[in-house]
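K.L.:
coords below, sequence missing:
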């Protein structure tokens with residue numbers, strides 16, 4: 001705990017330097033959260049077309065004495081830790097799941113980083129390859145609903161060029177890809193798999209909960225996910241050496257996902273040589289919300305980080 005307080009003090013004291021360094025956060029603050037833990041919140045400036053955003057860092061109790069730490073990088077960061085910033089007041093409580101597994105010595109020491117989404121969330125999390133392969137009719141349906149130009153490649157570049165170098169300089173995290181993992185739900189699941197495929201030198205696995213294959217919130221067409229499924233399958237020579245976890249429920253929006261996931265699973269299992277590196281699960285009576293994801297978080301965490 002003393003080491004954590006010293007780190008927080010150091011980070012808060014470096015604000016003027018960070019404000020001058022465009023490759024780091026503009027400023028940093030300490031955020032107490034409901035269970036007594038502390039988040040370190042970094043505020044980053046815009047990066048090209050991407051808006052600025054906050055990034056929350058949670059370190060485990062006594063974690064600094066166990067460096068280097070594995071990294072869990074989460075999408076939708078405002079929903080990850082704190083109910084006061086989470087959608088509908090329901091957070092994943094990802095840090096509680098991690099701390100419980102650490103206390104029982106089931107996983108390796110790690111820290112959790114939550115990247116806040118922006119008002120452009122859908123287009124930042126929309127893999128460009130998912131759009132490029134759509135036929136004109138499918139694209140028109142999705143554009144009428146909510147789709148604009150994908151910003152996923154800019155998001156990948158920001159993580160690779162700005163965020164990860166900053167985290168590596170500032171925190172005692174492992175530098176090898178095998179100790180760095182991604183996690184996200186819904187569109188966050190899509191972009192987590194995309195990040196793993198685009199940055200294999202940076203990440204060793206992705207946890208994709210309730211992966212939003214169909215892109216649409218209204219129309220469930222297998223054709224809508226076909227380009228992205230095909231692209232991911234084409235990355236199998238690299239991805240099969242990583243760890244990839246995908247799941248879905250059967251209620252609310254999750255009821256869309258089974259045909260897409262089953263199609264991907266069948267193709268993946270036919271062409272990959274390392275079946276133990278992939279896991280795809282379906283959960284009964286599980287909806288598309290933080291409460292459902294919170295209940296099963298321990299499963300992907302153990303799959304990625306088990307001792």
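P.N.:
Looks like it arrived, so ask away. The model shown is predicted, which means the values in this text are computed figures rather than measured ones.
K.L.:
measure stretch 175-194 end to end?
P.N.:
20 Å (CA to CA, to the nearest Å).
K.L.:
What residues of that stretch count as buried?
P.N.:
Counting neighbours by 16 or more other CB atoms under 10 Å, one finds that the buried residues in stretch 175-194 are 177, 179-194. Every C-beta, even on glycine, is put in place using the N, C-alpha and C of the backbone.
K.L.:
If you count neighbours, what's buried in stretch 113-131?
P.N.:
Applying 16+ other CB under 10 Å to stretch 113-131 flags 113-118, 120-131 as buried.
K.L.:
Of the residues you listed, which belong to strands?
P.N.:
113, 114, 115 (DSSP state E).
K.L.:
Including distance to residue 155, could the residues you listed go into a markdown table?
P.N.:
As requested, these are exported to a markdown table (distance: CB to CB, whole Å):
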| residue | distance to residue 155 |
| --- | --- |
| 113 | 15 |
| 114 | 15 |
| 115 | 9 |
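K.L.:
List of residues touching stretch 163-176?
P.N.:
Residues outside stretch 163-176 that contact it (CB atoms under 8 Å, 6 or more residues apart in numbering) are 7, 11, 23-25, 42, 44, 55, 57, 59, 64, 67-71, 111, 113, 115, 179-180, 202, 204.
K.L.:
out of the residues you listed, which are buried?
P.N.:
So, by 16+ other CB under 10 Å, the buried ones in the contacts of stretch 163-176 are 7, 11, 24-25, 42, 44, 55, 57, 59, 64, 68-71, 111, 113, 115, 179-180, 202, 204.
K.L.:
which residues touch residue 268?
P.N.:
233, 236, 278.
K.L.:
let's see 10 Å
P.N.:
Residue 268 makes contact with 229, 232, 233, 236, 239, 240, 244, 246, 275, 278, 280, according to CB atoms under 10 Å, 6 or more residues apart in numbering.
K.L.:
Next: residue 154.
P.N.:
Contacts of residue 154 (CB under 10 Å, 6+ apart): 47, 48, 49, 50, 120, 123, 124, 128.
K.L.:
Identify, from the residues you listed, the entry nearest to residue 80.
P.N.:
residue 124 (16.4 Å; CB to CB).
K.L.:
For residue 75, see how far away the closest one is.
P.N.:
Per CB to CB, to the nearest Å, residue 124 is found 9 Å from residue 75.
K.L.:
same question, residue 282
P.N.:
22 Å.
K.L.:
Compare those two (neighbour count), which wins?
P.N.:
residue 75 (27 against 16; other CB atoms under 10 Å).
K.L.:
before we move on, which element is the nearest residue to residue 278 once chain neighbours are set aside in?
P.N.:
With sequence-adjacent residues excluded and distances taken as CB to CB, 6 or more residues apart in numbering, residue 278 is closest to residue 244, at 5.1 Å. Following DSSP states H and E, the helix or strand that holds residue 244 is strand 243-248.
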